[in-house]
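Peer 1: Compute the structure for the input listed below.
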Amino acid sequence: MMEECLICKAPLEYLTHDQVMECAICHKQELSKARCVKGHYVCSDCHTQGMDSIFGLCLSETSANPVAIVQRMMALPFCHMHGPEHHVMVGAALLTAYKNAGGQLALEPALREIYSRGKAVPGGACGFWGACGAGISAGQFLAIATQSTPLAGEPWGLSNQMTARALDSIGKVGGPRCCKRDSFLAILAAVDFVQAHLGVEMEHTVPICSHSNRNNQCIGGRCPFSSARNSNYPPLSVKLKRL
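Peer 2: Predicted structure coming up:
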C-alpha cells in the first residue's frame, strides 16, 4: 500500500453520514465521514500541520508560474498525496503568480486570507459536496484578487465563473479524486480565465506528474498529466511546455 492512513498506512474508507470521530493525534472529537479501515481518524488541523511554511515560500517567490509554485509547495514535508492542504495551496500559488505577473495585490494579507478561506473547505468536499476544494480555491483566489464580497457586482460574477470553470475542468476528467491532478487542472483553468478577464498573464505550463507511484487510485493514461497519457484523451487547450 502507498500513502493512505497517516497513522498506519491502511486504506481509507468514506461513510455516507457523519459520525463522531476522535483524532488519533490530538484526540479532538468532531463529526467526519472519513477514517481508515482500522478506525484511525486524523483531523484537518493535524493533517495540515506545518502548512504555514507556504508563507515564507510564497513571499520569497519571483516566479509568475503557479504550476511551478504549487509543485514547490507539494515538495514540502507537510504536504501529503491527498488532503485539505490543497484547498489552500492552489489559491496561494495563484495569488503569488498573479502578483509576480503584475497583478495589483498586497500579497501577505492575501495569503493569510486564502489560508483562512481554504482551511474552511473540508477534506472530501470533492465527493460529498460535488465541488472539489482545489476548484473552490481557484474561485477564492479570484474573489481575493478582485476584492469580491456578496454585494459586489462584476467581481462576484467573475469569482463564481472562475470556480465553475475550474470545477468543469476537474469534472470532465472524472474520478476517483487525485488532489495533485485536480490542483493542476484548477490552476490551468485560472491562468486562462485571468488572462481573458483581468488582463494579467501568468505563465501557463503543463507538468508531467511525478506523484503517481504514491496514489493508489491513479487513473494512469486517462490523466492529462500522465507521461503515459492515453492518446484518446482530449488534449488540454494549453501551451505544451512541460516542466
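
Peer 1: Quick check: nearest residue in space to the residue in the chain sticking out farthest from the centre, chain neighbours excluded?
Peer 2: Within the chain, K38 marks the point farthest from the mean C-alpha position, 27.3 Å out by CA atoms, centre = their mean. The shortest distance from K38 to any non-neighbouring residue, by CB to CB, 6 or more residues apart in numbering, is to A10 (4.8 Å). Just so you know, the C-beta spots here come from the backbone N, C-alpha and C atoms, and that holds for glycine as well.

Peer 1: isn't C26 right up against Q49?
Peer 2: No - counting by CB atoms under 8 Å, C26 stays clear of Q49, with 9.4 Å between them.

Peer 1: Can you tell me the SS state at the residue farthest from the centre of the chain?
Peer 2: coil (DSSP: H, G, I helix; E, B strand; the rest coil).

Peer 1: show me what contacts it?
Peer 2: Counting by CB atoms under 8 Å, 6 or more residues apart in numbering, K38 touches C5, C8, A10.

Peer 1: and what of E108?
Peer 2: F55, L59.

Peer 1: ok, now how distant is it from T149?
Peer 2: Going from E108 to T149 by CB to CB, to the nearest Å gives 20 Å.

Peer 1: Partner strands of the longest strand seen in the chain, with direction?
Peer 2: In the chain, ranked by residue count with DSSP state E as the criterion, the top strand is strand 12-22. Sheet partners assigned to strand 12-22 using DSSP bridges are listed as strand 29-36 (antiparallel).

Peer 1: What's the mean pLDDT across the strand it pairs with?
Peer 2: Taken as a whole, strand 29-36 has a mean pLDDT of 93.

Peer 1: any idea of the mean pLDDT in the very next helix or strand once past that strand?
Peer 2: With elements assigned by DSSP states H and E, the helix or strand that comes after strand 29-36 is helix 44-47. The predicted model assigns helix 44-47 a mean pLDDT of 91.

Peer 1: So which elements touch helix 44-47?
Peer 2: The helices and strands touching helix 44-47, judged by 3 or more CB pairs under 8 Å, 6 or more residues apart in numbering; DSSP states H and E, number zero.

Peer 1: follow-up on the earlier one: can you list phi and psi of the residue farthest from the centre of the chain for me?
Peer 2: Backbone torsions of K38, given as degrees, to the nearest 10, read phi -100, psi 0.

Peer 1: Next, the buried residues of the strand or helix carrying A166.
Peer 2: Element membership for A166 (DSSP H and E) is helix 154-173. Across helix 154-173, burial judged by 16 or more other CB atoms under 10 Å covers 155, 158-159, 162-167, 169-171, 173.
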